[in-house]
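Participant: Pasting the sequence and the predicted coordinates here, then a few questions.
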Amino acid sequence: MSLLGTLLRARIRVVANAFASLGRESRLKLAFIATMLTLLWLAAFAAARAALRVLEALGTDILGGAMVALAPLLVPRLLAVFALALLIMLAFSSALLALALLYRSRETTHLLTVPLTWRAVCLTRLGDVAFFSSWSSAYLGSPVLLAYGLHVHAHWTFYCFAAALFVPFVVIPAALGTMVTMVVVRVAPRLPRVVLVAAGIVLVAATFLAFRSRLSSPDFHDAIDLTPVAELTGKAQSPFLPSAWLADGIVAAAYGNPGAIVFPFLLLLAHALVLAWLTGEVAERLLHPGWSGLASAVHARRAPEKVSRGWLPLLLRPLPEPVRALVLKDIRVFARDVSQWSQVVFFFGVLAFYVANIRTAARGFSLAFWQSWITMLNTVACLLVLATLTTRFVFPLVSLEGRRFWILGLAPLRIATIVRQKFWLAVVFSSGVTVSLTAASSWRLRLAPVPFVITVLTVCAASFALSGLAVGLGSLYPDFTADSPARIVSGTGGTLTFLVSLVYITVVASAETYVLRWRDVSPWSAAAAAAAIAIVSLAAATIPLRLGVANLERSDF
Amino acid sequence: MIRTEALSKHFGATVAVDQLDLAVNAGEFVCFLGPNGAGKTTTVRMLTGLLRPSSGRAFVGGFDVVTEAVEAKRLLGYIPDQPFLYDRLTGREFMALVAGLYRLSTDALAERIEHFLAEFGIAEVADQPIGDLSHGTRQKLSFAATFLHEPRVVVVDEPWVGLDPRSIRQVKSYLKRRTREGLAVFMSTHTLAIAEEVADRIGIIHRGRLLALDSVAHIKALASHPGSLEDVFLELTQEEE
């Protein structure tokens, strides 16, 4: 068996054993996760079906008959836009994953000691990068494809062709992201910090401006005018974009046109293979010097005195000990973990992109109906960002103390104090991010004062609730054996936290929509909806926190 | 089997290893001693090809560990102080993975795996997930996996952590026996008593420089007053401070 085959076989065994070990998990937890994952999938399917029906009806509604159908015009363009967005997201997340999997993983260190070429090590990890960056897209994309297939009455082979197109498609951004990471890791440690920061700012600004100019278009109007839509979405259909090849292939497969599938498939496959080969070549030259350079940089780096002795301890001085010491420790540990803060930087980049472009999308929607929907959708977007933040960065906080519990456990501290400290730290950070995001996006949307205040208050309540949920469930289902936040989050506890957060968001967004959508509701009804949000938020925070503290107090360390 | 030529490693302004010239022959057991931060682990990581030297070269079995890395690693076995093992694999599955990585012949492979599992006393737990094993058992599994491909050179970095006295005795005996059969062993350790017991030669490194490399008897004779290896070690490393 080849080396890659050996490693692949080991991967399959790992996955099989991981599934087998699910038997040790709580049945209730597993049942909840399975149910929620199914419901989420079905919700995505229902939303896609509804959206396709709306698009189908659009032509006949506006143009007064079945003579002109807009769906065949719009759907391929929207598919191209979605595929382009996916391509960009996958490239960014692949670059971050490559940093973690190629340079920070102990498995890679192990692989470097066995007689594998750098190319083989890199290609093994490239497979992991492609898988980990794309599985969620496959999970949430499959109901959309199913809805589209049913909508156009596609033959069953459509789904096989779509899967066949997806595999080489995800390899392309994975390879690009991995190569970018290898180049950056090789080059960045040699450059002075000032140059690095300046280059980062220039790169982000240039990308931002480039996207902004590409995505700008004439105003949308309340009356349906397809010209700006066609102009904007047409940019995603450039024949040079792999995302356009994917979209073309899917549309061809949907309409049962095998001849038209072959070309985009071969384009995707050829580019995936060439880029994978190129990634291997880059790895042969850059992986080892980069890996060694990064490992050496860790030794060479002097103590970050500015953070240790600078403004942060002063800023936290008003806090009582031991809370101050714990907060200082959590912030320092986070700030010194590249794989952690780089994801936050990526997160902020996406948010900045969202806020900067939101006006373009919303300008001209003066009807109250659209204003209400856009307000609600903006709130949901902000809450989803918040849920992602709390699940990814807050949920692991308690588990990360696992191997250090000999310090905290021996200190004269109550467990509840430690959990509360993490909760309030999460509230401060998450509300800082999401409230400013919500305020900025609401301002860009030119919301009226009442919806503005309602939106911001909703997100404040959600910051409190989702932080409590993440810290509470992190205490209830800790993983004290793992020392990687990413690994902690990828367990069933992390999945559960995100799914419960989604349930909370659905409840809160529904209550907010009730107030915003029907503005003529009585003040009492509005007050009742606000009270419902407050009560649900309080319960969502306090119940998991209490259960989590009780669990930790019962636990052995 | 191991040779270094003016091997150096700089971490920024810090010189972790400075112009190290070293040779470990087949059938020889060399222990590398030094205080914390002396450069032992950096040397080990350069010999295993993990870290690239800032200058100088390192050879394993005549192969340059940087330019002929794959050939060098085929001859090499490496046991780190905290070995990476796949928690979700069982011990036997991990051994099979290692066999595949080293392209071992499948002929009688199962028997070989059983032989090494039995040699290190872990056959009974080899079907449990590695994540469920104790630290000592994991360490024994890493020994079993290291010897599966019959390396001609073994580099060991502080291997005693987590091992009980019986296991330490067993590992020492095994390493000595394999050394007599022609294996070259390079071991970095803080445990002076063990080094004194097993080593043919002892090297003392301090602040990246090799202060001494000789037989135990000769090393002991370096002290101003005849004493134990501990006395010599403290005296040599004290002089430099």
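Facilitator: Ah, there it is.
Participant: for the stretch 151-300 of chain A, what are the low-confidence residue spans?
Facilitator: Residues of the stretch 151-300 of chain A meeting the criterion pLDDT under 70: A:208, A:211-232, A:298-300.
Participant: sorry, that was for chain B
Facilitator: B:225-226, B:239-241.
Participant: can you do 80?
Facilitator: Judged by pLDDT under 80, chain B has its weakly predicted residues at B:88, B:106-107, B:161-162, B:220-232, B:235-241.
Participant: Going by proximity to chain B, name the top residue of the stretch 451-557 of chain A.
Facilitator: Minimum separation of the stretch 451-557 of chain A from chain B (Cβ to the nearest Cβ) falls at A:Thr481, amounting to 6.7 Å. No exception for glycine: its C-beta is placed from N, CA and C like everyone else's.
Participant: Please report how far that residue lies from A:Leu499.
Facilitator: Note on A:Thr481: its distance to A:Leu499, by Cβ to Cβ, to the nearest Å, is 23 Å.
Participant: for B:Arg169, same thing?
Facilitator: 52 Å.
Participant: coming back round to it: comparing A:Thr481 and A:Leu499, which shows the higher neighbour count?
Facilitator: Counted by other Cβ atoms under 10 Å in any protein chain shown, A:Thr481 and A:Leu499 do not tie: A:Leu499 has more neighbours, with 19 against 13.
Participant: List the buried residues in whichever helix or strand the more buried one is part of.
Facilitator: Using DSSP states H and E, A:Leu499 falls within helix A:492-517. By neighbour count on 16 or more other Cβ atoms under 10 Å in any protein chain shown, the buried set for helix A:492-517 is A:492-502, A:504-505, A:508-509, A:511-516.
Participant: continuing past that helix, what's the next helix or strand?
Facilitator: Following helix A:492-517 in sequence, per DSSP H and E, is helix A:523-554.
Participant: by contact count, what packs against that following helix?
Facilitator: helix A:415-444, helix A:449-476, helix A:492-517 (3 or more Cβ pairs under 8 Å, 6 or more residues apart in numbering or on different chains; DSSP states H and E).
Participant: Run through the neighbouring helices and strands of the longest one.
Facilitator: In terms of contacts (3+ Cβ pairs under 8 Å, 6+ apart), helix A:415-444 is packed against helix A:323-335, helix A:338-362, helix A:368-389, helix A:396-399, helix A:449-476, helix A:523-554.
Participant: With the last one instead?
Facilitator: Helices and strands touching helix A:492-517, as assessed by 3+ Cβ pairs under 8 Å, 6+ apart, comprise helix A:27-63, helix A:368-389, helix A:449-476, helix A:523-554.
Participant: Pipe those into TSV and attach mean neighbour count and mean pLDDT per row.
Facilitator: Output for the helices and strands packed on helix A:492-517, formatted as TSV (neighbours: other Cβ atoms under 10 Å in any protein chain shown; pLDDT from 0 to 100):
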stretch	mean neighbour count	mean pLDDT
helix A:27-63	14	81
helix A:368-389	19	79
helix A:449-476	24	88
helix A:523-554	16	86
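Participant: now those helices as a markdown table including distance to A:Arg106?
Facilitator: Converted to a markdown table, those look like this (distance: least, Cβ to Cβ, whole Å):
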| stretch | distance to A:Arg106 |
| --- | --- |
| helix A:27-63 | 28 |
| helix A:368-389 | 26 |
| helix A:449-476 | 23 |
| helix A:523-554 | 27 |
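Participant: what's the closest of those helices to B:Val70?
Facilitator: The closest of these to B:Val70 is helix A:368-389. By Cβ to Cβ, the value is 41.3 Å.
Participant: Can you give the contact residues for that closest one?
Facilitator: Applying Cβ atoms under 8 Å, 6 or more residues apart in numbering or on different chains, the external contacts of helix A:368-389 come out as A:222, A:347, A:351, A:354, A:358, A:362, A:365, A:430, A:433-434, A:437-438, A:441-442, A:445, A:447-448, A:451, A:455, A:458-459, A:462-463, A:466, A:498, A:501-502, A:504-505, A:508-509, A:512-513, A:516-517, A:519.
Participant: ok, now with 7 Å
Facilitator: The contact list for helix A:368-389, computed with Cβ atoms under 7 Å, 6 or more residues apart in numbering or on different chains, reads A:351, A:362, A:365, A:430, A:433-434, A:437-438, A:441-442, A:445, A:447, A:451, A:455, A:458-459, A:462-463, A:466, A:498, A:501-502, A:505, A:508-509, A:512-513, A:516-517.
Participant: Likewise for stretch B:26-37?
Facilitator: B:1, B:24, B:40, B:43, B:175-176, B:179-180, B:182, B:184-189, B:192, B:195, B:198-206, B:233, B:237.
Participant: Mind listing what's buried along stretch A:100-111?
Facilitator: For stretch A:100-111, by 16+ other Cβ under 10 Å, it's A:Ala100, A:Leu101, A:Leu102, A:Tyr103, A:Ser105, A:Glu107, A:Thr108, A:Thr109, A:His110, A:Leu111.
Participant: picking up where we left off before, A:Leu165 is nearest to which of the helices and strands packed on helix A:523-554?
Facilitator: helix A:492-517 (27.7 Å).
Participant: Check the offset of that closest one from the chain's centre.
Facilitator: 16 Å (Cα atoms, centre = their mean, to the nearest Å).
Participant: tell me the angle that helix makes with helix A:368-389.
Facilitator: 160 degrees (axes from the mean of the first three to the mean of the last three Cα atoms, to 10 degrees).
Participant: do you know how far the closest residue to A:Trp245 other than its chain neighbours is from chain B?
Facilitator: The shortest distance from A:Trp245 to any non-neighbouring residue, by Cβ to Cβ, 6 or more residues apart in numbering or on different chains, is to A:Pro264 (4.1 Å). Distance of A:Pro264 to chain B, computed by Cβ to the nearest Cβ, to the nearest Å: 36 Å.
Participant: Likewise for A:Val338?
Facilitator: For A:Val338, the distance to chain B - Cβ to the nearest Cβ - is 17 Å.
Participant: picking up where we left off before, can you say which of the helices and strands packed on helix A:492-517 is nearest to B:Ala58?
Facilitator: helix A:449-476 (44.9 Å).
Participant: Quick one: list the elements packing against the closest one.
Facilitator: helix A:368-389, helix A:396-399, helix A:415-444, helix A:492-517, helix A:523-554 (3 or more Cβ pairs under 7 Å, 6 or more residues apart in numbering or on different chains; DSSP states H and E).
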